[in-house]
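Chemist: Generate a structure from the sequence data that follows.
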Amino acid sequence: MSWGAIVGIVVFALVAISLLPYFRESLQTLGAVLRRPQAGRGALRGKTGVARTALEPEGTISVEGELWQAVSRSGHLEAGTQVRVEKVGGPKLYVTEKETGGQ
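Modeler: So this is what the prediction gives:
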């Protein structure tokens, strides 16, 4: 490799490093866009909630502080039972009773 090529690479690297602070905000914004969280009903899948009314099999549950109409896939569930959202179908959430670990 010639000295001219080495000098060119070093100059390029120094210029690139010196410009990084100017592009930091743009790179952070790009990263935020690429990691954008899910929103809406689809983001509820897999979340845990609490039955606010008995699910016979339909009733009302609370997930992340919001009330939703739900259908139990585990049969009758009493009010206060912890549930897991398995599916989102239109305005209703389809839930199962949350399994308690270790007991």
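
Chemist: Quick check: closest non-adjacent residue to residue 67.
Modeler: Distance criterion CB to CB, 6 or more residues apart in numbering; nearest residue to residue 67, sequence neighbours excluded, is residue 60 at 5.6 Å. No exception for glycine: its C-beta is placed from N, CA and C like everyone else's.

Chemist: For that neighbour, give its distance to residue 25.
Modeler: Remark: distance between residue 60 and residue 25 (CB to CB, to the nearest Å) = 44 Å.

Chemist: Residue 85 too?
Modeler: 37 Å.

Chemist: Look at the two and report which has more neighbours.
Modeler: Each of residue 85 and residue 25 has its neighbours counted (other CB atoms under 10 Å); residue 85 has more, 22 against 9.

Chemist: hey, what's that one bridged with?
Modeler: Per DSSP bridges, the residues bridged to residue 85 are residue 95.

Chemist: my guess is it meets residue 47, correct?
Modeler: Yes: Residue 85 is within contact range of residue 47, at 5.1 Å (criterion: CB atoms under 8 Å).

Chemist: hang on, residue 13 in a helix?
Modeler: Yes: counting by DSSP: H, G, I helix; E, B strand; the rest coil, residue 13 is located in a helix.

Chemist: burial measure for it, as a count.
Modeler: 10.

Chemist: which residue ranges form the helices in the chain?
Modeler: Along the chain, the stretches classed as helices by DSSP state H are 3-34.
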